[in-house]
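Q: kindly generate the corresponding structure for this input.
(one chain, ligands or ions: 1)
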Amino acid sequence: MPELPEVETTVRGLARFLDGEILARVTLNRADLRRPFPPGLVQALTGARVTGLGRRAKYGLIQTDRDRTMVFHLGMSGRWRIEPEALGKHDHLVIETGSGHRLSLCDPRRFGSVDLVDTAGLEAWPPFAAMGPEPLSPGLTAGHLATALAGRSAAIKLMLLDQRIVAGLGNIYVCEALYRARIHPEKPAGQVSRAALTRLVPAIRAVLDEAIAAGGSTLRDYAQPDGQLGYFAKAFDVYDRQGEDCRSCGRPIGRIVQGGRSTWFCQRCQR
Ligand SMILES: [Zn+2]
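A: The predicted model follows:
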């Protein structure tokens, strides 16, 4: 599943082909992904100029000069293909730009989404309205976490997956950040010390920044936006390493299930 670093690298890759470009032709090859495409999408985008690209949590943003922003989510299996040699049955939305680039949004499982939102109203758009701060923004601080987690008895791991606490963090990077900050994933969130939260914030940023720097992907079938099927064998410390040696203490990495999802951690290093 594309996580925040994949979305960030996708947006950066798309920007090279879309920023400042006219969307000369927009084609939908079916009516829906997870939800129907918004009515009037093709009309709203065709002929518009792209004025900027961005990201909020795991959503990509393509802003236009018509004060509307196309908001996309890659779901489980979505990816953008750049200059695809041939379009396949999973290329559901195709954009051709004024300078002749062709890009397609390919999503075999169709858990992704595309929305059209008034740019001025983006922050108030329901999926964004209740979101916590971006993990790579100055808004994420130990003080914010201390306030948001105060009195909460749920496990810190689960609270960090809650988009209202921090936006856009997924399973992989929560596991990695907790390891790096030496926090036990089952610790009740309200009992994590201020010192530990102060370690956690830079740990979250570091694991995301490193993944973005590595190119983002963690999945074999994830395509880079330049059309190359590429993924990046990012060396995780704990994720999916059950039974392998902890790089710090040498003990085997453990795995537990929290909220129906696996957590990998070191029982010795994380308290
Ligand atoms: Zn260890």
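Q: list the contacts for Leu200?
A: Going by Cβ atoms under 8 Å, 6 or more residues apart in numbering, Leu200 touches 142, 145, 177-178, 181, 183, 192. Every C-beta, even on glycine, is put in place using the N, C-alpha and C of the backbone.
Q: only the buried subset of those, as a PyMOL command please.
A: In PyMOL syntax, the buried subset of the contacts of Leu200 is picked out as below (16 or more other Cβ atoms under 10 Å):
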select buried, resi 142+145+177+178+181+183+192
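Q: in TSV: the contacts of Leu200, plus distance to Leu93.
A: Listed next are these as TSV, based on distance: Cβ to Cβ, whole Å:
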residue	distance to Leu93
Ala142	41
Leu145	37
Ala177	33
Leu178	37
Ala181	39
Ile183	41
Val192	42
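Q: right, and the pair among the contacts of Leu200 with maximum separation?
A: Across the contacts of Leu200, the longest distance by Cβ to Cβ is 14.6 Å; it joins Ala142 and Leu178.
Q: picking that back up, so which of the contacts of Leu200 are also by the ion?
A: Applying Cβ under 5 Å from the ion to the contacts of Leu200, one finds that nothing falls near the ion.
Q: so which of the contacts of Leu200 belong to strands?
A: Members of these lying in strands (criterion: DSSP state E): none.
Q: of all the contacts of Leu200, which comes closest to Ser77?
A: Once Cβ to Cβ is applied, the member of the contacts of Leu200 that ends up nearest Ser77 is Ala177, at 24.9 Å.
Q: and that closest one, how far from Arg55?
A: 19 Å (Cβ to Cβ, to the nearest Å).
Q: my guess is Ala150 contacts Gly190. True?
A: Yes: at 5.7 Å, Ala150 counts as touching Gly190 under the criterion of Cβ atoms under 8 Å.
Q: name the residue in the two with the higher neighbour count.
A: Under the neighbour definition other Cβ atoms under 10 Å, Ala150 and Gly190 were set side by side, and Gly190 has more, 15 against 9.
Q: where does that one fall, phi/psi-wise?
A: Gly190 adopts backbone torsions of phi -70, psi -10, taken as degrees, to the nearest 10.
Q: OK, contacts around it?
A: 149-153.
Q: ok, which pair from these is furthest apart?
A: Maximum pairwise distance in the contacts of Gly190, criterion Cβ to Cβ, is 11.0 Å, between Ala150 and Ser153.
Q: and the helix ranked longest in the chain, what's buried?
A: Counting by DSSP state H, the longest helix found in the chain is helix 194-213. Of the residues in helix 194-213, 196-201, 203-204, 207-208, 211-212 count as buried by neighbour count, 16+ other Cβ under 10 Å.
Q: show me which of the residues you listed is closest to Arg164.
A: Ile204 (15.7 Å).
Q: name the nearest residue to the closest one, ignoring sequence neighbours.
A: Nearest residue to Ile204, sequence neighbours excluded (Cβ to Cβ, 6 or more residues apart in numbering): Ala177, at 4.4 Å.
Q: in contact with that neighbour, which residues are there?
A: So Ala177 contacts 160, 169, 200, 203-204, 206-207 (Cβ under 8 Å, 6+ apart).
Q: how about 10 Å then?
A: Ala177 is in contact with 135, 157, 160, 166, 169, 183, 199-208, 237, counting by Cβ atoms under 10 Å, 6 or more residues apart in numbering.
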